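Engineer: need a structure here:
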Amino acid sequence: MADMRIYTDGGSRGNPGPAAFALLIYDSKGKLLESHSEYIGESTNNVAEYRGILKALKMARNHGKGKVVCTMDSELVIMQLSGKYKVKKPHLRELYEMVKKEEKNFSSVEYTHVRREDEYIALADMMLNRTLDNVGGRK
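Structural biologist: Reported below is the predicted structural model:
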């Protein structure tokens with residue numbers, strides 16, 4: 001059983017375009033510990049996904065050092081972080097390395113892919129789109 005569950009989503013309007021991410025962190029009993037969304041400027045979907053998981057792991061450090069399960073709808077990022085795909089693009093490689101460094105703060109970190117219809121991913125998606133709406137990100 002995970003000590004924490006993290007749900008993140010990142011996106012951009014245009015690729016690249018105005019971008020944001022959102023995250024939700026829950027404890028093992030399903031209590032919401034943190035929620036956060038952030039505008040990151042002009043970027044790509046994949047960068048927004050990586051920035052979201054990186055921020056989530058940094059925030060999760062405040063809630064313990066146990067097992068963490070990270071859930072996203074980005075198959076590419078999940079497969080890269082799980083070691084099943086290579087990270088070929090240098091700008092993503094840098095973010096990948098930062099995430100791997102953050103993983104060392106926990107007893108274990110597991111990555112799981114879900115469809116975007118997952119209720120927690122849908123909530124994160126709504127949060128990031130609200131953030132983009134608030135900063136005037138084009139639709």
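Engineer: From now on I want contacts and neighbour counts done on CA atoms only, so please keep to that.
Structural biologist: Noted.
Engineer: which SS state does the closest residue to residue 125 other than its chain neighbours fall under?
Structural biologist: Distances taken as CA to CA, 6 or more residues apart in numbering place residue 9 nearest to residue 125, at 5.9 Å, with adjacent residues excluded. Under DSSP: H, G, I helix; E, B strand; the rest coil, the three-state class of residue 9 is strand.
Engineer: and residue 9, bridged to which residues?
Structural biologist: On the basis of DSSP bridges, residue 9 is bridged to residue 22.
Engineer: list the contacts for it?
Structural biologist: Shown in contact with residue 9 (CA atoms under 8 Å, 6 or more residues apart in numbering): 21-23, 48-49, 52, 72-74, 121, 124-125, 128.
Engineer: Below-threshold pLDDT in this structure: ranges please.
Structural biologist: Scanning the chain for pLDDT under 70 picks out the ranges 137-139.
Engineer: quick one, helices of it?
Structural biologist: Taking DSSP state H as the criterion, the chain carries its helices at 45-60, 75-81, 90-103, 119-134.
Engineer: hmm, back to that, any idea which of the contacts of residue 9 is the one closest to residue 4?
Structural biologist: Minimum distance to residue 4 across the contacts of residue 9 is 12.7 Å, recorded for residue 23 (CA to CA).
Engineer: where's the closest residue to residue 45 other than its chain neighbours relative to residue 122, distance?
Structural biologist: The spatial neighbour of residue 45 that comes closest, neighbours along the chain excluded (CA to CA, 6+ apart), is residue 11 at 4.5 Å. According to CA to CA, to the nearest Å, residue 11 stands 12 Å off from residue 122.
Engineer: Many thanks, we can stop here.
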